[in-house]
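Chemist: sequence? don't have it. structure:
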């Protein structure tokens, strides 16, 4: 069993003892997602696979927040935001915009990208390098700004 899934299990026990209902339900949902992924893959999840499950759950929360905000349901958007904040504690820290931009400048230089036509090469390299640490939309936004 991966360190990440063990950490979630331990935190769930702590949240249950502290009677923290919101954290308990969020971590139970996450454990359930781990179990589904484990059954689907046919083996115990490693840290990378567990992180992918967490990343997917965070993305689902972001989408829900957008929908609830559009639907004028701020109370539901707040609930999703709190769940997303709990899930993000298990993810590696995100890069700042300045760190990301300097890294993307390096990638643009190393791939020899000259224009927007070369954006695919840069995006492929950038998503591989920053997987799980930066949202793909943010990478795309900065790359399109960097390339003429």
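Modeler: Yes, it's here. This structure is a prediction, so every number in the text was calculated from the model and none was measured.
Chemist: what count of nearby residues applies to residue 113?
Modeler: Neighbour count for residue 113, taken as other CB atoms under 10 Å: 21. C-betas here are computed from N, CA, C, even on glycine.
Chemist: three-state assignment of it?
Modeler: Three-state call for residue 113 (DSSP: H, G, I helix; E, B strand; the rest coil): coil.
Chemist: what ranges does this structure have for its helices?
Modeler: Secondary structure of the chain (DSSP state H): helices at 3-17, 21-41, 47-70, 74-88, 97-111, 119-129, 136-146.
Chemist: want to throw those into a markdown table with mean neighbour count?
Modeler: Shown next, in a markdown table, are the helices of the chain (neighbours: other CB atoms under 10 Å):
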| stretch | mean neighbour count |
| --- | --- |
| helix 3-17 | 15 |
| helix 21-41 | 15 |
| helix 47-70 | 16 |
| helix 74-88 | 16 |
| helix 97-111 | 15 |
| helix 119-129 | 16 |
| helix 136-146 | 15 |
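Chemist: with mean pLDDT added, can I get the ones you listed in a markdown table?
Modeler: Conversion of those to a markdown table gives the following (pLDDT from 0 to 100):
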| stretch | mean pLDDT |
| --- | --- |
| helix 3-17 | 92 |
| helix 21-41 | 94 |
| helix 47-70 | 91 |
| helix 74-88 | 94 |
| helix 97-111 | 83 |
| helix 119-129 | 82 |
| helix 136-146 | 82 |
